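# turn this into a model:
(2 chains)
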Protein chains: 2
Amino acid sequence: MKAAVLEALHEDLKIKELERPVPESGEVLVRLTAAAINHRDLFIQEGKYAKIALPCTLGSDGVGIVEDIGPNVGVGIIGQRVVINPSLDWGEQEEYQSRKFRVLGMPDAGTFARYICVPAQNISQAPAHLSDEEAAALPLAGLTAYRALFRKGAFKRGERVFITGIGGGVALMALQFSLALDAQVCVSSSTTAKIEKAVSLGADGGVLYSNSEWHKKLKSNFGHFDLSIDGAGGDSFARLLDIAAPGGRIVNYGGTSGPIKELSPQRLFWKQLVIKGSTMGNAEDFKNMLAFVNEHSLHPVIDSVFPLEEVNQAFKRMLEAQHFGKIVLRISE
Amino acid sequence: MKAAVLEALHEDLKIKELERPVPESGEVLVRLTAAAINHRDLFIQEGKYAKIALPCTLGSDGVGIVEDIGPNVGVGIIGQRVVINPSLDWGEQEEYQSRKFRVLGMPDAGTFARYICVPAQNISQAPAHLSDEEAAALPLAGLTAYRALFRKGAFKRGERVFITGIGGGVALMALQFSLALDAQVCVSSSTTAKIEKAVSLGADGGVLYSNSEWHKKLKSNFGHFDLSIDGAGGDSFARLLDIAAPGGRIVNYGGTSGPIKELSPQRLFWKQLVIKGSTMGNAEDFKNMLAFVNEHSLHPVIDSVFPLEEVNQAFKRMLEAQHFGKIVLRISE
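Model prediction:
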């Protein structure tokens, strides 16, 4: 079968012909039709990830048809169109993952391939209103956004939400999820074009985070926020305390801008703020996320679709950071 | 009546003869027998507090006998020995205080006086097993510690707790409260003597925060912590993320060491940590705190007792930071 394999750090992925995997006990074999790329894939390629083991087929997001099953899996599942939950071995605790937790795609063989074997408990029926490309855009970003917004962020209908780095998959899913429950949402971005696109999706407005006074502009134009969803950290993070309403919550799911600096404890304790870290989600979060997408007929925002063979162009597009929405790979014979 | 008044910033308090206050509607007149000093009083003296209005009788903690009542207060309360809840106009929200919230003692006349008028809803019967000096040590520190530990920190019996800056009133109350529910507690301090005193109270051990590698020593000797209670912020705060167990909580109630620096978002989100700010507490927290102190027959740690007339010596002792426990003022005719 065809697979996009990272053989060594800082190299392009290579399209290889690998042996089709065979499902073990409790596993299903999925013939993949679409996958999506994530920053995680870039981090692995760049050596910026813990415990990298190569060569490995990358890819955390995948959609396809169940073609075969291993022992101890019911046959009813064969032929179903499924999305894959990329959280492996989350463990028993709701609040955090176990030591055995892994994200699908390194060290486990990922979704940038024609076939994949995954535990049967990690697949769910793909939402019927979504194309394969749309459904493939959902798992990692949708799961991360859902947990950050609802479980960790305790988002309630109609609240005021600030989302940093709009254009990224998680940020856009958080935008769509919160808008579906009548949130008033503002966003930040590096470009005016992305802010305008967010407004066209329903955001009230946004700020350029390159402007060091962005928090003042935001407060004077839009007031304070009940909840911020941030995937960046860095210098700007301290400003999220400034724009928070009393009792406000700030959820962080990523650190693309580096360490968080110069937080004021006085602001933290006097406003009685809550800062929470969140990563991925457990099986319950995944099922709830899919139910939410179905209930509200949400369509993930797709930036572009590349054939699997052009995976390196797809990576290049993400590196350039001009994308708005998920970058998807179409997988055919 | 006698009162210790701050007339101008950076000056000593002056013992003045003021007119005895008269209780208004809903208020009680308390003849104070003991008060306690807090860092807040020093911050006000040093001009490091918001909206300072002088001259003012300082003091947030007080114990005494109800001697008179204003209109709309039941007479049954007269003659009772009471502690005063120093949270004024907290408001309706459990999670944060209202804009009208004030801590007793600037701008409202405080407890460093023979008499004070406070809302009847702010007094509670003093725990019978405590002396006046002990009961006066309780309100601000006990309330802050109780809310930080239980409401914000979600402390559960037997958890592993790390408390910074042991010797301070809040830190010691958090130590006593958590030990009463079988916590395994470690502490940090500037001196070995204070760590040894904490161990004699029941702590497992401690570290000197002047040692920049304290977090490594702590982890190798004691493992990870479910909950940290911090009143400092500053450079050391980032280390609280290192020593946190997955899903761990960190509650901050003060910023004596300045801004929090160099927090790792990766540590925050991968461990799914929670950082919460907490300040003082509402009426429910205060009642629960008193009930807890009664149930477990806790005695607050008293560092020293000064007569009200020596309030400036008491301030000096707190400034020197050699105290372990509350510094109390005894108030007589």
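
# every contact and neighbour count from this point should use C-alpha atoms.
Will do.

# can you give the domain ranges for chain A?
Taking automatic domain parsing as the criterion, chain A consists of the domains A:2-138+A:300-330, A:144-277.

# how about those, which one is nearest chain B?
Each of the domains of chain A was scored for nearness to chain B using Cα to the nearest Cα, and the closest is domain A:144-277 (3.7 Å).

# that closest one and chain B, are they touching?
Yes: with Cα under 8 Å from any Cα of the partner chain as the threshold, domain A:144-277 lies in contact with chain B, specifically through A:233, A:246-247, A:252-255, A:258-266, A:268-277.

# coming back round to it: possible to save the domains of chain A as TSV with mean pLDDT?
As requested, the domains of chain A are exported to TSV (pLDDT from 0 to 100):
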stretch	mean pLDDT
domain A:2-138+A:300-330	97
domain A:144-277	97
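
# would you turn those domains into CSV with mean neighbour count?
As requested, the domains of chain A are exported to CSV (neighbours: other Cα atoms under 10 Å in any protein chain shown):
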stretch, mean neighbour count
domain A:2-138+A:300-330, 20
domain A:144-277, 21
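
# so which of the ones you listed comes closest to B:P127?
B:P127 lies closest to domain A:144-277 among those, at 28.5 Å (Cα to Cα).

# state the helix or strand in which the residue minimising distance to the centre of chain A lies.
Centroid check for chain A by Cα atoms, centre = their mean gives A:A141 as the closest residue, at 1.7 Å. Secondary structure assigned from DSSP states H and E places A:A141 in helix A:139-146.

# do the same with A:I250
Secondary-structure assignment from DSSP H and E places A:I250 in strand A:244-252.

# same thing with A:E196?
Per DSSP H and E: A:E196 is located in helix A:192-201.

# in the sheet, who's paired with A:S304?
A:S304 has these beta-bridge partners by DSSP bridges: A:I327.

# ok, it - contacts?
The contact partners of A:S304, taken as Cα atoms under 8 Å, 6 or more residues apart in numbering or on different chains, are A:G325, A:K326, A:I327, A:V328.

# between those, which is closest to A:E67?
A:V328 (22.0 Å).

# how about the helices in the stretch 1-150 of chain A?
Under the criterion DSSP state H, counting those that start in this stretch, the stretch 1-150 of chain A contains helices at A:39-45, A:132-136, A:139-146.

# what do you get for the stretch 151-300 of chain A?
In the stretch 151-300 of chain A, helices defined by DSSP H, counting those that start in this stretch lie at A:169-180, A:192-201, A:214-222, A:237-242, A:265-270, A:283-295, listed in chain order.

# including distance to B:I44, could those helices go into JSON lines?
Rendered in JSON lines, the data for those read as follows (distance: least, Cα to Cα, whole Å):
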{"stretch": "helix A:169-180", "distance to B:I44": "43"}
{"stretch": "helix A:192-201", "distance to B:I44": "44"}
{"stretch": "helix A:214-222", "distance to B:I44": "28"}
{"stretch": "helix A:237-242", "distance to B:I44": "24"}
{"stretch": "helix A:265-270", "distance to B:I44": "15"}
{"stretch": "helix A:283-295", "distance to B:I44": "48"}
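
# quick one: closest of those to B:I77.
Ranking those by proximity to B:I77 (Cα to Cα) places helix A:265-270 first, at 33.1 Å.

# ok, and what's touching the closest one?
Residues from elsewhere that reach helix A:265-270 (Cα under 8 Å, 6+ apart): A:241-242, A:273-274, B:232-233, B:252-255, B:258-260, B:276-279.

# let's see that with 10 Å instead.
A:238, A:241-242, A:244, A:246-248, A:271-275, B:96-97, B:148, B:231-234, B:237, B:251-260, B:275-280 (Cα atoms under 10 Å, 6 or more residues apart in numbering or on different chains).

# bridge partners for the residue lying closest to A:Q125 once chain neighbours are set aside, pull those for me.
The shortest distance from A:Q125 to any residue other than its chain neighbours is 4.4 Å, reached at A:V82 (Cα to Cα, 6 or more residues apart in numbering or on different chains). With DSSP bridges as the criterion, the beta-bridge partners of A:V82 are A:G64, A:Q125.

# wait, A:V82 sits on A:Q121?
No: the pair A:V82 / A:Q121 is not scored as a contact, 11.4 Å apart, by Cα atoms under 10 Å.

# roughly how far does the nearest residue to A:E95 once chain neighbours are set aside sit from A:V328?
In this structure, A:E95 finds its nearest non-sequential neighbour in B:G247, 5.8 Å apart by Cα to Cα, 6+ apart. If you measure B:G247 against A:V328 using Cα to Cα, to the nearest Å, the figure is 33 Å.

# A:V301 now?
10 Å.

# mutual contacts of these two, please.
Contact criterion Cα under 10 Å, 6+ apart; residues bridging A:V301 and A:V328 by contacting each: A:E134, A:A137.
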